[in-house]
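Asks: Could you look at this predicted model? Sequence included:
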Amino acid sequence: MRAYVITIMDNDDSKMVADRCIRHSSWYNVNINHWHATTPKDNLEELYSKEGLSMDGLNEVYSRTANCAAAFFSHYSLWKKCVEDNVTYAIFEHDAVLNNKIPTQHFDYVMNIGQPSYGKFNTPPTLGVNQLTSKRYMPGAHAYMVKPEGAKRLIAQAK
C-alpha cells in the first residue's frame, strides 16, 4: 500500500495541516507522502481537455468551480498513478488526521476510511466492509483507500 496526502505546496496552511497528517501517521507505522495538489493556478481547462473530462458537473451553487475542479483533479491524478503503479493507495486530503490503524480487511474497489466531521450521517451497522451507509453517496473524499481496479472504475466514471 502507498499513502498520499494531497497538499497545496504553495499554501503554508495546507502544508502545515498535511505535515500534521504525516506526523500522526507515523504513530501507526504508516508512511504518508505529500502529493502536489492541482490548484486553480494550474491550467485546468487544458488538464481537463487532455483527459477528456468536463468541469460542467462541478459548477454548483455552494462551491467555487475552479476550486472544485482543482480538488477533483488532484484525486483524479492519484487514481491514474494508482492504476500505473498497480498498488492499493490510501488517499488523504490535507486536513485529515489519522487517529487509528488503517483498516486491513479485504475490499474490492474503494473504501471510505474517513469519518465525517460535520453534518448528519448514519453509523454503519457493523464494523468492517459495508455498503455505503453514512449517506447515499460517498460523503467527500477526506480519507479513503482505492485499489487499482477501483481507480480504473473511478476514472471511467469521471469520463
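Replies: Sure thing, it's come through. Note that the coordinates shown come from a computational prediction; the quantities given were computed from them, not determined experimentally. Numbers count the residues shown, from 1 in each chain.
Asks: in the chain, which segments are predicted with low confidence?
Replies: Within the chain, the set of residues satisfying pLDDT under 70 comprises 115-141.
Asks: hey, where'd the helices end up in it?
Replies: For the chain, applying DSSP state H gives helices covering 12-26, 44-51, 65-85, 148-158.
Asks: nearest to V97, of the ones you listed?
Replies: Of all the helices of the chain, it is helix 12-26 that lies closest to V97, at 5.2 Å by CB to CB. C-betas here are computed from N, CA, C, even on glycine.
Asks: tell me which residues of the closest one are tucked away?
Replies: Residues of helix 12-26 classed as buried by neighbour count (16 or more other CB atoms under 10 Å): S14, V17, A18, R20, C21, I22, S25.
Asks: Apart from its chain neighbours, what residue comes closest to S54?
Replies: Y48 (6.7 Å; CB to CB, 6 or more residues apart in numbering).
Asks: Quick one: neighbours of the residue found closest to G52 once you drop the neighbours it is linked to in the chain, just the number.
Replies: Distances taken as CB to CB, 6+ apart put K159 closest to G52, at 5.3 Å, once the chain neighbours are dropped. By other CB atoms under 10 Å, the residues close to K159 number 10.
Asks: Thanks a lot, see you next time.
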